[in-house]
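**Student:** quick one, structure for this:
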Amino acid sequence: MARLASGHRFGQTIAFALAGAVTALVLAMLTAKMGPPLAGAAVLAIAVAVFVAARPLNALLAALVVTLVLPYWYKFGLLILNFGAGLAVVSIITVTRRARMRWTGVDVVVVLTLLAAFIDWWAHGENVTAARTTFDTVSPLLFYFAARLLRGSAVRVVLLTLIGAVTIGSLTMFVEFAKGSVLFYPPGEYYWNGDNLGSVFRPAGVFGTPPAAVLVLAMVALIAIALRREVSRRRRHLLDACLALIVGAGVLTFTRAGWIGFGAGLITSVFVMWWQGDGRLPKWLMFVPVAAAAFVVALPTFSHEPWFQAGVERGGTLAYRQSIWSISLPLVGNTPQHLVFGHGLNSLVAGQRSEVGNLETDLAEEPILVQHSPHNQYLQTLLEQGVIGLVLLVGWLGGALASGLRHIGSVAPRNRRLVAALAGATVCYLVTSLAASTFREPNTVVVIALLTGLLVSLSNEASTSA
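**Tutor:** Coordinates of the predicted model:
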């Protein structure tokens, strides 16, 4: 037996050596023909394929890492976004073999949202480039259906992977802040460089923009807080470290809307747990009034500092938003067609990318709106997709939130805190959307699609077993 075992190990060694030699040869050929970047991408794709083939859940885990860690704004950027969406589809197909989804009204709304986007493209008679742009806009919703198929421990595995991927993304923000300039986004298109009117540099790392970064960080922070009580002491220390990096990176963005959303989400989570009879408040909440008091005491010391005035006070931002809203509102209902169907999905993008389509005359007369967006996702949806689009958006997010709140009483006790956190993250997104165009970067849509899918899944599972 010992000889057989020894021979078996020897055979494995030979196999690994041959595989390594073949891999090195293929890598050398790819590098010679395609160059190091594409060769590295090819090797990465092979590694991801092997990882995905190991088990069905791995496709979704890889999709999250690819979408949230790799920047997709440069030459081959859209391929990264499409690759992540493709992995989400693979996850849906492979997991469906083992699990079935009980359809809900929210699922139907998300399907209608996808259909409405492509009907909008078809109705406007746009070109292939416009179809590609439409797909890039709505493809993050595929993560909703990937999440809807998850059950049991897979839910927490996916959420922990999400926290890990976002933590890695937060590290890129610290790197940018230390350097003082953008590294992961085209510098010429970045509006937060800090070189105008004495403003401070606001990093976003791989998340693209500070508003997108802080929204992703705020939602994931709410999930990390909820999972603290479930993990072992050793993992709790690691989770606390991730949470500290996530919150710290969010502070560096000097973006207030996301943290206002975070506060609303946290209050929602705590209230829902209190409503369910769990009156125990997290111990870390005792530090909130202490931190608030320390901030008030220290405020006179640094209130006159340039970084505080430029990064925190930033006077006039509300007035600026109100001016854009006042420009946008008349364009919403200037014709019955625009009121019901909107100007068309990505109609504002056409002002910056002519290959996407023609910019309508009324939008072309407001260049500030085209360049900076309405800074309100509900208003932008009304502008682009009309009342129909707004009903679908509110039906998706509001429907998921209502499902979680309606069924939380029948959710298994170990899942109630998680459902409360998912509801809080949804509230965070809803509130932040009042002052930001939250569909601007696809990573924000990926995260909210995943979280609302999990919220509906856990709620639907509870209503089915009740």
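
**Student:** need the contact list for G261.
**Tutor:** Counting by Cβ atoms under 8 Å, 6 or more residues apart in numbering, G261 touches 215, 218, 427-432. Every C-beta, even on glycine, is put in place using the N, C-alpha and C of the backbone.

**Student:** ok, it to P442 distance?
**Tutor:** Using Cβ to Cβ, to the nearest Å, G261 is found at 18 Å from P442.

**Student:** swap in L87?
**Tutor:** From L87 to P442 the distance is 14 Å (Cβ to Cβ).

**Student:** neighbour count for these two, which is higher?
**Tutor:** Between L87 and P442, L87 has the larger neighbour count (other Cβ atoms under 10 Å), namely 26 against 21.

**Student:** the more buried one reaches A62, doesn't it?
**Tutor:** Yes - the pair L87 / A62 is scored as a contact, 5.2 Å apart, by Cβ atoms under 8 Å.

**Student:** where do the contact lists of these two overlap?
**Tutor:** Contacts common to L87 and A62, judged by Cβ under 8 Å, 6+ apart, are 48, 52.

**Student:** point out where the protein drops to low pLDDT.
**Tutor:** Scanning the chain for pLDDT under 70 picks out the ranges 1-44, 72-78, 97-98, 125-129, 194-199, 278-317, 350-358, 462-466.

**Student:** now the helices: where do they sit in the stretch 351-466 of the chain?
**Tutor:** Applying DSSP state H, counting those that start in this stretch to the stretch 351-466 of the chain gives helices spanning 361-364, 367-372, 377-407, 413-432, 442-465.

**Student:** nearest to I93, of these?
**Tutor:** Nearest of the helices of the stretch 351-466 of the chain to I93, taken as Cβ to Cβ: helix 442-465 at 15.9 Å.

**Student:** what's the offset of that closest one from the middle of its chain?
**Tutor:** 13 Å (Cα atoms, centre = their mean, to the nearest Å).

**Student:** same for that helix, what does it pack against?
**Tutor:** Applying 3 or more Cβ pairs under 8 Å, 6 or more residues apart in numbering; DSSP states H and E, one finds that helix 442-465 contacts helix 58-69, helix 105-123, helix 142-148, helix 153-179, helix 210-227, helix 377-407, helix 413-432.

**Student:** export only the CA atoms of the first one, formatted as CSV.
**Tutor:** The one in question is helix 58-69. Taking Å, rounded to 0.1, in the frame of the first residue of the first chain, the C-alpha atoms of helix 58-69 are listed here in CSV:
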residue,chain,number,x,y,z
ASN,A,58,-18.6,30.1,-7.5
ALA,A,59,-20.0,31.8,-10.7
LEU,A,60,-21.8,34.4,-8.6
LEU,A,61,-18.8,34.9,-6.3
ALA,A,62,-16.5,35.4,-9.3
ALA,A,63,-19.1,37.8,-10.8
LEU,A,64,-19.1,39.9,-7.7
VAL,A,65,-15.3,40.1,-7.5
VAL,A,66,-14.9,40.9,-11.2
THR,A,67,-17.6,43.6,-11.1
LEU,A,68,-16.6,45.3,-7.9
VAL,A,69,-12.8,45.0,-7.9
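
**Student:** run the angle between that helix and helix 210-227 for me.
**Tutor:** If you take axes from the mean of the first three to the mean of the last three Cα atoms, to 10 degrees, helix 58-69 sits at 130 degrees to helix 210-227.

**Student:** and what of the second one?
**Tutor:** Relative orientation of helix 105-123 and helix 210-227, computed by the same axes, to 10 degrees: 160 degrees.

**Student:** any idea which helix or strand comes after helix 105-123?
**Tutor:** Later in the chain than helix 105-123, the nearest helix or strand by DSSP states H and E is helix 128-138.

**Student:** how far off centre is that next one?
**Tutor:** 18 Å.

**Student:** what angle separates that helix from helix 105-123?
**Tutor:** 160 degrees.

**Student:** would you tell me which of the helices of the stretch 351-466 of the chain gets closest to V247?
**Tutor:** Of all the helices of the stretch 351-466 of the chain, helix 413-432 sits nearest to V247, with 13.7 Å by Cβ to Cβ.

**Student:** off-centre distance for that closest one?
**Tutor:** Worked out by Cα atoms, centre = their mean, helix 413-432 lies 15 Å from the chain centre.

**Student:** I'd say S139 and V446 touch.
**Tutor:** No - S139 is not in contact with V446 according to Cβ under 8 Å; the separation is 9.0 Å.

**Student:** and the two? Which one has more around it.
**Tutor:** Using other Cβ under 10 Å as the criterion, S139 and V446 rank with V446 on top: 26 against 23.

**Student:** follow-up on the earlier one: mind putting the helices of the stretch 351-466 of the chain into TSV with distance to F254?
**Tutor:** Output for the helices of the stretch 351-466 of the chain, formatted as TSV (distance: least, Cβ to Cβ, whole Å):
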stretch	distance to F254
helix 361-364	30
helix 367-372	18
helix 377-407	21
helix 413-432	15
helix 442-465	18
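
**Student:** so which of those is nearest N58?
**Tutor:** Closest of the helices of the stretch 351-466 of the chain to N58 is helix 442-465, at 15.5 Å (criterion: Cβ to Cβ).

**Student:** what angle separates that closest one from helix 210-227?
**Tutor:** 30 degrees.

**Student:** hmm, back to that, so which of the contacts of G261 wins on neighbours?
**Tutor:** Among the contacts of G261, L215 has the most neighbours (other Cβ under 10 Å), with 32 neighbours.

**Student:** how about the closest residue to that residue other than its chain neighbours, what does it touch?
**Tutor:** Closest residue to L215 apart from its sequence neighbours, by Cβ to Cβ, 6 or more residues apart in numbering: G258 at 4.6 Å. The neighbours of G258, taking Cβ under 8 Å, 6+ apart as the test, are 211, 214-215, 217-218, 250, 428, 432, 436.

**Student:** returning to that earlier point: do you know which of the helices of the stretch 351-466 of the chain lies nearest L162?
**Tutor:** So among those, helix 442-465 is nearest, using Cβ to Cβ, at 6.9 Å.

**Student:** residues of that closest one that come out buried?
**Tutor:** Residues 442-462 are the ones in helix 442-465 that count as buried (16 or more other Cβ atoms under 10 Å).

**Student:** done for today, thanks.
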